[in-house]
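Visitor: next come a sequence and a model predicted from it.
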Amino acid sequence: MQCLVIRHLAFEDLGIFAPVLQEAGYALRYVQAGVDTLDREEWLKADLAIILGGPIGVGQEDVYPFLREERALTQARMACGRPLLGICLGAQLMAAALGARVYAGRRKEIGWGSVTLTADGRRGALAELDNAPVLHWHGDTFDLPRGAELLASSEITPHQAFSAGKGCLALQFHPEVDAQRMETWLIGHCCELDFAGVSPVGIREDAGRLGNAARNAGQAFLRRWLAQEAFLR
């Protein structure tokens, strides 16, 4: 089985999700956004596709033209009912592809925290993340697409996760992050942290304190999602 992964930053990779996917029998292939050419047929035929996060916004297609193709590929994959997981920017692309508005949130949400699950969220794989630590790192948010099921919220961001049919899941937060590699995020996003007035010290300390629980919950979520969506064969 093949899992195609669109990556925008080298350090924002599959993290703790990678071993779970490999255990499940997936061959992983990263596609570097803006650099690698992604064949549309390969994208649509892949057993699973994942779009990871990044510091650019969906609305910046004028300065990052490759985002137009990403949105079109996202829309095409969902239209044909193929399994798709979007994280952070990936979730925003899914929302935009479904016609929802993507815009700047009330303020940046950066740091370790949790999400509050809806009743629909508690009935599915996200139940594994109930009261578990996850990493938040975003400034933009989105309206809930028409017909989508809201699965999770936070105090700052009402729309943290939604499903758009079987196998299509959008997550604004980051359950994939490997806390043992937190320093790569703190270095890579140092300018954003400084601009937002967020100290890396607290994020680093929380990663050390919460990392094991985040890993266990994140991997349990992914295993359950794969099993529930019947991707395994």
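Guide: Yep, that arrived. Numbers count the residues shown, from 1 in each chain.
Visitor: in stretch 176-183, what counts as buried?
Guide: Neighbour-count burial for stretch 176-183 flags E176, V177, D178, A179, M182 (criterion: 16 or more other CB atoms under 10 Å). Yep, even glycine has a C-beta here, placed from its N, CA and C like the rest.
Visitor: next, count neighbours for the closest residue in space to G59 that isn't next to it in sequence.
Guide: Taking CB to CB, 6 or more residues apart in numbering, and ignoring the residues beside it in sequence, G59 has V102 as its nearest neighbour in space, at 6.4 Å. When neighbours are defined as other CB atoms under 10 Å, V102 has 18 of them.
Visitor: got it, and the one 3 residues further on?
Guide: Using other CB under 10 Å, G105 has 16 other residues around it.
Visitor: wait, doesn't it sit right on G139?
Guide: Yes: counting by CB atoms under 8 Å, G139 is a contact partner of G105 at 6.1 Å.
Visitor: C190 and I203, how far apart?
Guide: As judged by CB to CB, to the nearest Å, C190 and I203 stand 11 Å apart.
Visitor: between these two, who's got more neighbours?
Guide: More crowded of C190 and I203, by other CB under 10 Å: I203, with 22 against 11.
Visitor: phi first, then psi, for that one.
Guide: Note on I203: its backbone torsions stand at phi -60, psi -40 [degrees, to the nearest 10].
Visitor: and if you look at the one 4 residues further on?
Guide: The phi and psi values for A207, taken as degrees, to the nearest 10, are phi -60, psi -40.
Visitor: likewise for E176?
Guide: When read as degrees, to the nearest 10, the backbone of E176 gives phi -90, psi -10.
Visitor: relative to E42, how far out is it?
Guide: Taking CB to CB as the measure, E176 falls 22 Å from E42.
Visitor: what about L9, which SS state?
Guide: Under DSSP: H, G, I helix; E, B strand; the rest coil, L9 falls in the coil class.
Visitor: give me the neighbour count for the nearest residue in space to E229 that is not next to it in sequence.
Guide: In this structure, E229 finds its nearest non-sequential neighbour in G167, 4.9 Å apart by CB to CB, 6+ apart. Residues contacting G167 under the criterion other CB under 10 Å number 21.
Visitor: so who does G167 touch?
Guide: G167 is in contact with G81, R82, P83, L84, E229, F231, counting by CB atoms under 8 Å, 6 or more residues apart in numbering.
Visitor: quick check: buried residues in the one helix or strand L226 maps to?
Guide: Assigned by DSSP states H and E, L226 belongs to helix 200-228. Of the residues in helix 200-228, those buried by neighbour count under the rule 16+ other CB under 10 Å are 200, 203, 206-207, 210-211, 214-215, 217-223, 225-226.
Visitor: go on, stretch 99-110?
Guide: A100, V102, G105, K108, E109, I110.
Visitor: that's all I had, so thanks and see you.
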